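>>> Could you look at this predicted model? Sequence included:
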Amino acid sequence: MATFAELVEARADDEHAGLRFEDETYTWARVVHEARKRAEFARTMRDPERPFHIGVLLDNVPEYVFWIFGAALAGAAVVGVNPTRRGAELAADIRHTDCLFLITDSAGAGLLDGLDLGVPVLLSDPPDHRASLAPGGGVSRTVRGSDPLLLLFTSGSTGTPKAVICSQSRLADIGERGGMFGIGRDSVTYVAMPLFHGNAVMANLAMATYAGATVALRRRFTASGFLPDVRKYGVTYFNYVGRALAYILATPERPDDADNPLVAAFGTEASARDMAEFARRFGCQIIEGYGSSEGVITISKTQGTPPDALGLAGDGMDLAVHDPVTGLECPRAVFDPEGKLVNHHEAIGEIVRRGATFEGYYNNPGADALRLRDGWYWSGDLGYRDEDGYFYFAGRDADWLRVDGENFAAAPVERILARYAPVVMCAVYAVPDVRTGDEVMATLELVDPLDPFDPERFAAFLREQPDLGTKWAPRFVRLTRAMPLTPTNKVDKTGLRRERWECGDPVFWRPGREPRYVRMTDGDRSDLRKRFIENGRDHLLY
């Protein structure tokens, strides 16, 4: 069984450019040398009574790559700490994963001020940091394919931390698939999606390592910096999630946009319209797929896939759509002559893989049990399937949200909104975005329904919350006199999610990206529906 450590060691004498960052260039041999130094340091810090876990809270900088590779060589696991988390939620992530120590920089350290972490915090940006590391000899520990290498955070409906386990052998196997995307020795891959997310490591870094390609690293993704970086580094391939393509397309178009070395891009959740427009404008192939950090389900677009479909199940995968309540397989989708889904009430269910294996979540048996039941993997994603076997995405369950490619749960956001003095009860849930993924919507029941909602006060309250994640602020705020409840007095989100902003209650929203709320009008609702139609996502409104 191959290990990712073996892929790293295979580059030890490789003088080809392995990593480029801003104005720095590292050969693969230098990258492995730096990784060995960190592996040796990690080994000296190891406590045999504790898991061999290293927390990393950094932007996309070379140091992050060195620690991923160093952990691979040492037989340790890197915990990708999500910097969009804040306050107690951020601390809980770090404590939950039993980190031996945490690597960050001065900027990351500011997010940790006042938090009870219980682990040493080491800064990577002092000038003498690299010089203080050991020279980087061999690492004596035997690395096995089953050893965890990455713990990648996602979030479940309970709001408790969930860290997906990715083993040495799984990442090595993923790395060998780079040829499917045209990644070879002469390729230059662009990593601008965050390294704490599986998409960047699995759909780029691992594949480039196997091929010995050059990785161009961007500290943080910016739409305006995308094309200049592509030209500067000679990028031939990049990965993306969520609305990245839409953000790039929003930049002013120039006649020479297609004058670039791009060949292909691979990602998830772009709309059919954005994929076609991006391919036209920048002259490259867009390859879409459905997957997750859990690595259990793969759905790929093939020739002939309907524009709005995810695609077909991966080779050897027994995928289906099942009713999460009855457990029975849902009927296939039926469309009218205009292509609208007409039996959505019975066709939409949860996408499952029958007869699956799953590496699991770290220290979270409840989340494991929710995903893996009777040998079937329940994805938590809603979908439907047509008569030809093509799968379509229909959203997520009521307590999952995915905004800009970032997964998070509703419960932590609800806890924050509950602090707002005028609120007696709140509900947070996903509603579809016009381009891809979800938007955050909140329904508030106020203490005094006669006291007018103050949008400026609410926006100021959100800005003052230290633990509000960067993707968590509601886009839509619905005001209700009475929150719908289940017979057990729990908030019933089913109707709220179905009605969205098209309801009889007052709704405030942020029309742009600025944190400014205004009262939604009928004209706003009509314009928003038109945008869904233009982007081919109006099926999500039924």
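Sure thing, it's come through. Numbering: from 1, shown residues only.

>>> Now stretch 319-334: buried residues?
Within stretch 319-334, the residues scored as buried using 16 or more other CB atoms under 10 Å are 319-322, 330, 333. Where you see a C-beta, it was placed from the backbone N, CA and C, and this is true even at glycine.

>>> Check stretch 167-182 too.
Taking 16+ other CB under 10 Å as the criterion, stretch 167-182 shows 167-175, 178, 181 as buried.

>>> now do stretch 84-93
By neighbour count on 16+ other CB under 10 Å, the buried set for stretch 84-93 is 84-87, 89-93.

>>> Can you show me the helices along the stretch 101-250 of the chain?
Applying DSSP state H, counting those that start in this stretch to the stretch 101-250 of the chain gives helices spanning 106-112, 168-175, 198-200, 206-211, 223-233, 244-249.

>>> Run through the neighbouring helices and strands of the fourth one.
Meaning helix 206-211. helix 4-9, helix 168-175 (3 or more CB pairs under 8 Å, 6 or more residues apart in numbering; DSSP states H and E).

>>> would CSV of these with mean pLDDT and distance to Arg219 be doable?
Shown next, in CSV, are those (pLDDT from 0 to 100; distance: least, CB to CB, whole Å):
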stretch, mean pLDDT, distance to Arg219
helix 4-9, 97, 23
helix 168-175, 97, 23
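
>>> Dump those helices into a markdown table; add distance to Pro422 as well.
Shown next, in a markdown table, are those (distance: least, CB to CB, whole Å):
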| stretch | distance to Pro422 |
| --- | --- |
| helix 4-9 | 51 |
| helix 168-175 | 48 |
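
>>> of all these, which lies closest to Leu19?
Among these, the nearest to Leu19 by CB to CB is helix 4-9 (12.4 Å).

>>> Quick check: buried residues in that closest one?
Those would be 4-9, for helix 4-9 by 16+ other CB under 10 Å.

>>> So which of those is the closest to Gly70?
Val8 (8.9 Å).

>>> Report the contact partners of that closest one.
Taking CB atoms under 8 Å, 6 or more residues apart in numbering as the criterion, Val8 is in contact with 32, 35, 69, 72-73, 209.

>>> Please repeat the previous calculation with a cut-off of 10 Å.
Val8 sits next to 28, 31-32, 35-36, 39, 68-70, 72-73, 143, 172, 175, 209-210 when contact means CB atoms under 10 Å, 6 or more residues apart in numbering.

>>> Arg20: which of those residues is nearest?
Once CB to CB is applied, the member of the contacts of Val8 that ends up nearest Arg20 is Val31, at 10.9 Å.

>>> gap between Gly283 and Val263?
From Gly283 across to Val263, the span is 9 Å (CB to CB, to the nearest Å).

>>> Compare those two (neighbour count), which wins?
Neighbours were counted for Gly283 and for Val263 using other CB atoms under 10 Å; Val263 has more, 17 against 14.

>>> per-residue confidence for Ala134?
Model confidence at Ala134, given as pLDDT, is 69.

>>> Number of residues surrounding Leu205?
Per other CB under 10 Å, the neighbour tally for Leu205 reads 25.

>>> swap in the one 10 residues further on?
When neighbours are defined as other CB under 10 Å, Val215 has 26 of them.

>>> what sits against it?
Contacts of Val215 (CB under 10 Å, 6+ apart): 17-21, 26, 28, 31, 62, 65, 187-191, 204-205, 207-209, 233, 235.

>>> Wait, Gly145 touches Ala72, no?
No - with contacts counted by CB atoms under 10 Å, Gly145 stays clear of Ala72, the gap being 11.5 Å.

>>> who has more neighbours, those two?
Taking other CB under 10 Å, Gly145 and Ala72 do not tie; Ala72 has more neighbours (29 against 18).

>>> For the more buried one, give me the backbone phi and psi.
Dihedral pair for Ala72: phi -60, psi -40, per degrees, to the nearest 10.

>>> Go ahead and confirm it touches Gln168.
Yes - using CB under 10 Å, Ala72 is in contact with Gln168, at 6.7 Å.

>>> okay, now Ala460: neighbour count?
Ala460: 11 neighbours (other CB under 10 Å).

>>> OK, contacts around it?
By CB under 10 Å, 6+ apart, the neighbours of Ala460 are 454, 515.

>>> Please settle this for me: is it part of a helix?
Yes - checked against DSSP: H, G, I helix; E, B strand; the rest coil, Ala460 lies within a helix.

>>> So in this protein, which helix runs the longest?
helix 28-45 (DSSP state H).

>>> Looks like Gly283 contacts Thr236 (just checking).
No - checked against CB under 10 Å, the pair Gly283 and Thr236 is beyond contact range at 11.9 Å.

>>> which residues do those two both contact?
Counting by CB under 10 Å, 6+ apart, the residues touching both Gly283 and Thr236 are 260-263.

>>> Please type out the ChimeraX selection for whichever of the residues you listed turn out to be buried.
Buried residues within those, by 16+ other CB under 10 Å, are selected in ChimeraX with:
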select :260,262,263
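
>>> now the shared contacts of Gly283 and Thr236 in CSV, with distance to Gly55?
Putting the shared contacts of Gly283 and Thr236 into CSV (distance: CB to CB, whole Å) gives the following:
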residue, distance to Gly55
Asn260, 37
Pro261, 36
Leu262, 34
Val263, 36
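
>>> Would you list the buried entries among the contacts of Val8?
28, 31-32, 35-36, 39, 68-70, 72-73, 143, 172, 175, 209-210.

>>> from the residues you listed, which is closest to Glu414?
For the buried ones among the contacts of Val8, the nearest to Glu414 is Ile68 (33.9 Å; CB to CB).
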